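# Give me a model of this one.
(chains A and B)
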Amino acid sequence: MRLTILLVLLLLSVPFYALVTAPLTLGWQAVTGTLMVISAFGLKRMRGHRGALAMMALSLIASTRYLYWRITETLPIGPGFDAWDLFLSSGLLFAELYAFTILLFGFVQTAWPLGRKPAPLPEDPALWPTVDVFIPSYNEPLSVVRPTVLAALALDWPRDKIKVYVLDDGRRDEFKAFCEEVGATHLIRPDNKHAKAGNINRALKVTQGEYIAIFDCDHIPTRSFLQLTMGTMVTDPKVSLVQTPHHFFSPDPFERNLRTFRKVPNEGELFYGLIQDGNDFWDASFFCGSCAVLRRTALEEIGGIATETVTEDAHTSLRMHSRGWKSAYINIPQAAGLATESLSAHVGQRIRWARGMAQIFRVDNPFLKPGLKLGQRFCYANAMMHFFYGLPRIIFLTSPLGYLLLGAEIIKAQGLMVLAYAAPHVILATMTNSRLQGAFRHSFWSEVYETVLATFILGPTMLAFINPKLGKFNVTAKGGVVDRDYFDKDIAKPYYYLFLLNALGLVVGIIRLAGGEAHPDTLLLNLGWTIYNLVIIGGALAVASEKKQVRTAVRVRTRIPGAIRLGPEHPAHLTPTVDLSYTGAQLLLPEGFVTAVGDRVEILLIPDRSDVWIPVTVRRSGHGVVAVQFETLGIAEENALIYALFGRADAWIRWRETQAPDRPLHALALVGRYGVIGAYEFWRWFTGDLLERLHARITRRKVPG
Amino acid sequence: MTDKKDFDDVSQLVDRLQLDGLKYREFGDHRPAKLKLAGGTAPASAAPASIPVPALPVPAAKPAVTVTPATAPTEMPRTIAAPAPAPLPEPARTVEQPLSFTFERLRRQVIGSRVQAPVLQLQLAPRKASGSEPQDSVMQKPVSSLFAQIGQDASPAVIDPQRLKR
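Numbering: from 1, shown residues only, chains lettered A, B, ... in the order given. A predicted model of the protein is given here:
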């Protein structure tokens, strides 16, 4: 089989080489590029995965052809060029080579998403294994941890085969009291060595379950979590890990500040929706720290959770894979948590991921580590190299300025030739990615996500690459509230410098164009690139415009059966919910049910499975709905609420249905819109801030006089 | 206990994701509620929440005693609009309505009282169970004889089954 694949690849390499290296004039290159784009449109209509594979091949040809041309024909070497030109040109070429590598690895990674189904468990539950559920916590408030613990206790698994442990690194008395009240075990240790990894390793020593289910303290499992994941473990004794998606029921800073919650796929959906499924094909899906089950024997074989890096999860599964253990990914959301509330917290979390991946790349490089299969090397390498996008992204955002502001000749070619080679490369890559990833990442949004983080992860990744021991684990803040609208000028500082630079480049370019330029096509190309950069940076500025979080508890719109009554002696009215949160609910107002604001009534959620009436106070009634606020809940009431809100097996499976499919031009228009909004909001803040400072300075001068 | 439709989140998950091989076991302590329903109440879940203003007037409420309340399936927010003005008659105490809503509701009630649903009165022959025997006898006939019978008919477009049976 391997020989056949090798032979096929050798045979294909001949026409591939010819297509990539054939020298063409401007006209013929334009025709070739146009034909390639037309072919891609044809392939786009082809249903099934083979069409996607064909698009990948075509895109690779266009991109490789472009890069071959760039390396062999366009470097500014020779008379008329100086070291400055070569330096800037090399920078751009490095960024392009990086982007090409990530594109290529990404195609390999997502060539055939596995779409694994849960495997059945043995008929007799007596044969089911024992499971320990670990919920590590450090400084999160009990209000964040409570639902997770209660939902873990409600997991559908034989009662004598499951134990729930709260691994409390904060060593808090209220946690201990809560665990005793609900029947969980409160585990503490004398120190906080190695943060979360050390916390789990310590718990491994004092527990005995055959399998370990791990949930971050704000990731609330559905009741079906174990029955959907454990079958795979039991069926194949070589599987060390079953991972499920991290689902977030609250908007992250991008979604809240741009108001795209559940309309545009968020930053994490590409990874959990497609990449992990693609990794699974190569037996390379990896542990993400939460919402997963691990086999104790596999963990013990590698000495527990890895502690050398701050992304202990991916590092742990890399080690298990290198020992011959397998992994599995089940792409069914079976737990949900809170997204980071503010952009600064979000950036902090991503910095940790980036630094951790860079650390692994240094200390356990997947290309060099023995025991891994080729596909696993590609998948791990791509996951790590992805976080090195900081420098390439900044280069892409500043490259045209080299020409516009400094007059540097970065690409030794006329503008139309660059267009003829670059356009098919960019268009085909966009179309192919839209075909592959469209359901999980809309076109052009990667640029916004990366631009927001680029300047922040650049330093940590470089430092971690140079010295992997630098830096410490930082806990991601959850459960907070953004209590006002404000422009986060500290986070936005890199963006507005980049924005101002590009704006300056645009103005200078226009002046040069008006003044008569020797190469107007090159100038126009750079101007177009600058405008695109301004739009993307504008999008980043829009994200930095923090929007007030209206509610402390996240309201989940969900329609589940319920009932309402005035009191125990009154009849019940069946009515479904409109939305539900941890502090209140909104139900359709049943006909004949008369109530007023301030009334104390009772509601019942999912009467088919619960007889626990929850005491509530009416906050609003009218227009066909009644809004209620929960009163102090006992454990039984809280359990009923958690089941209805988070614990249902099907709680999150239709979450993506509200998202529109990706249409690249539409996505570009949307990103452009946010770019304009961001630019406007920045300008408003910038001029306001300047005027304020000017006013303050004048006032200070007047006072002494 | 009411005779309402069962709510089963696991079945919805299994059906939705086509997890046919999954045999789910319950271990939780779930006690269905025994409800004493309000008399003369129609379950509000009968009105789809996703439609802010229904196109047709809502039918009159049926007596709740005989009603089988359709338990709303678990649905994701797309199908649920923000608090929508439901078409059900408002209780007397809920008077916080915009004027436009009130007019709209009145307008729909007026239209509703005038509109008559079309009633089809078909003069159909009494229904008879179709036995297999006549069909078999037809099938046993040679095709040529069937075509010959058709050709003999005055109206070629009509096939008289009685004639075919002979």
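# Wasn't A:Leu318 part of a helix?
Yes - counting by DSSP: H, G, I helix; E, B strand; the rest coil, A:Leu318 is found in a helix.
# What separation is there between it and A:Ala354?
17 Å (C-beta to C-beta, to the nearest Å). The way it works is simple: take the backbone N, C-alpha and C, and place the C-beta from them, glycine included.
# do the same with A:Arg656
A:Arg656 sits 26 Å away from A:Ala354, going by C-beta to C-beta.
# ok, now A:Met385?
Relative to A:Ala354, A:Met385 is positioned 11 Å away (C-beta to C-beta).
# Neighbour count: those two, which is higher?
A:Ala354 (26 against 17; other C-beta atoms under 10 Å in any protein chain shown).
# so who does A:Leu19 touch?
A:61, A:65 (C-beta atoms under 8 Å, 6 or more residues apart in numbering or on different chains).
# could you dump the host helix or strand of it to CSV, C-alpha only?
Assigned by DSSP states H and E, A:Leu19 belongs to helix A:2-21. Listed next in CSV are the C-alpha coordinates belonging to helix A:2-21 (Å, rounded to 0.1, in the frame of the first residue of the first chain):
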residue,chain,number,x,y,z
ARG,A,2,2.8,2.4,0.9
LEU,A,3,4.6,1.5,-2.2
THR,A,4,1.5,2.2,-4.3
ILE,A,5,1.1,5.6,-2.7
LEU,A,6,4.7,6.4,-3.2
LEU,A,7,4.5,5.4,-6.9
VAL,A,8,1.3,7.5,-7.4
LEU,A,9,3.0,10.5,-5.8
LEU,A,10,6.1,10.1,-7.9
LEU,A,11,3.9,9.9,-11.1
LEU,A,12,1.9,12.9,-10.1
SER,A,13,5.1,14.9,-9.2
VAL,A,14,6.1,15.2,-12.9
PRO,A,15,3.0,17.1,-14.1
PHE,A,16,3.0,19.0,-10.8
TYR,A,17,6.6,20.1,-11.3
ALA,A,18,5.8,21.2,-14.9
LEU,A,19,2.7,23.2,-13.8
VAL,A,20,4.6,24.9,-11.0
THR,A,21,7.8,25.8,-12.9
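# so which residue of the stretch 151-300 of chain A comes closest to chain B?
A:Asp156 (4.8 Å; C-beta to the nearest C-beta).
# Can you report how many residues neighbour that residue?
If we define neighbours as other C-beta under 10 Å, then A:Asp156 has 20 of them.
# Got the phi and psi for it?
phi -80, psi 90 (degrees, to the nearest 10).
# pretty sure it is touching B:Phe27, no?
Yes - the pair A:Asp156 / B:Phe27 is scored as a contact, 4.8 Å apart, by C-beta atoms under 8 Å.
# Identify the contacts common to these two.
With C-beta under 8 Å, 6+ apart, A:Asp156 and B:Phe27 have no common neighbours.
# from the chain's centre, how far out does whichever helix or strand comes after the helix holding A:Leu19 sit?
Moving toward the C-terminus from helix A:2-21, the next helix or strand (DSSP H and E) is helix A:26-45. Averaging C-alpha positions (C-alpha atoms, centre = their mean, to the nearest Å) puts helix A:26-45 33 Å from its chain's average.
# Output helix A:26-45 in CSV with nothing but the alpha carbons.
Extracted as CSV, the C-alpha positions of helix A:26-45 are listed here (Å, rounded to 0.1, in the frame of the first residue of the first chain):
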residue,chain,number,x,y,z
LEU,A,26,2.1,38.1,-18.3
GLY,A,27,-0.7,37.4,-20.7
TRP,A,28,-0.4,33.6,-20.5
GLN,A,29,0.0,33.7,-16.7
ALA,A,30,-3.2,35.7,-16.5
VAL,A,31,-5.0,33.2,-18.7
THR,A,32,-3.6,30.3,-16.6
GLY,A,33,-4.7,31.9,-13.4
THR,A,34,-8.1,32.7,-14.8
LEU,A,35,-8.6,29.1,-16.0
MET,A,36,-7.5,27.8,-12.5
VAL,A,37,-10.1,30.0,-10.8
ILE,A,38,-12.8,28.9,-13.3
SER,A,39,-11.9,25.3,-12.6
ALA,A,40,-12.2,25.9,-8.9
PHE,A,41,-15.7,27.3,-9.4
GLY,A,42,-16.5,24.1,-11.3
LEU,A,43,-15.0,21.9,-8.5
LYS,A,44,-16.9,23.9,-5.9
ARG,A,45,-20.1,22.5,-7.4
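# List the buried residues in the helix or strand following it.
Sequence order places helix A:49-73 as the next helix or strand after helix A:26-45, per DSSP H and E. Going by neighbour count (16 or more other C-beta atoms under 10 Å in any protein chain shown), the buried part of helix A:49-73 is A:52-56, A:58-67, A:69-70.
# Each with direction, which strands does the longest strand along chain A pair with?
Counting residues, the longest strand found in chain A (DSSP state E) is strand A:613-622. The pairing partners recorded for strand A:613-622 under DSSP bridges are strand A:600-605 (antiparallel), strand A:625-630 (antiparallel).
# Check what contacts that strand and list those residues.
Residues contacting strand A:613-622 (C-beta under 8 Å, 6+ apart): A:565, A:568, A:584-585, A:589, A:595-605, A:626-631, A:633, A:637, A:640-641, B:90, B:93-97.
# if we go to 6 Å?
A:595, A:597, A:599-604, A:627-631, A:637, B:94, B:96 (C-beta atoms under 6 Å, 6 or more residues apart in numbering or on different chains).
# could I get the strands paired with strand A:613-622 as a markdown table with mean neighbour count and mean pLDDT?
Shown next, in a markdown table, are those (neighbours: other C-beta atoms under 10 Å in any protein chain shown; pLDDT from 0 to 100):
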| stretch | mean neighbour count | mean pLDDT |
| --- | --- | --- |
| strand A:600-605 | 20 | 95 |
| strand A:625-630 | 22 | 95 |
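# Quick one: closest of those strands to A:Ile511.
strand A:625-630 (58.3 Å; C-beta to C-beta).
# could you point out which element follows the closest one?
Per DSSP H and E, the first helix or strand lying C-terminal to strand A:625-630 is helix A:635-642.
# Name the next helix or strand following that next one along the chain.
Next element after helix A:635-642 (DSSP H and E): helix A:664-702.
# mind checking how far that following helix is from the chain centre?
Using C-alpha atoms, centre = their mean, the offset of helix A:664-702 from its chain centre is 28 Å.
# How about stretch A:227-239?
On C-alpha atoms, centre = their mean, the centre of stretch A:227-239 falls 26 Å from that of its chain.
# now swap in stretch A:633-643 and tell me
31 Å.
# Likewise for stretch A:251-264?
The chain centre lies 12 Å from the centre of stretch A:251-264; the measure is C-alpha atoms, centre = their mean.
# how close does the residue nearest the centre of chain A sit to A:Leu104?
Central residue of chain A (C-alpha atoms, centre = their mean): A:Gly268, 1.9 Å from the mean position. Using C-beta to C-beta, A:Gly268 is found at 23 Å from A:Leu104.
# next one: A:Leu343
A:Leu343 is 31 Å from A:Leu104, by C-beta to C-beta.
# Have a look at the two and say which one is more surrounded.
Comparing A:Leu343 with A:Leu104 by other C-beta under 10 Å, the one with more neighbours is A:Leu343, at 25 against 17.
# nearest spatial neighbour of the more buried one, skipping sequence neighbours?
Nearest in space to A:Leu343, with sequence neighbours left out and distances taken as C-beta to C-beta, 6 or more residues apart in numbering or on different chains, is A:Pro253 at 4.1 Å.
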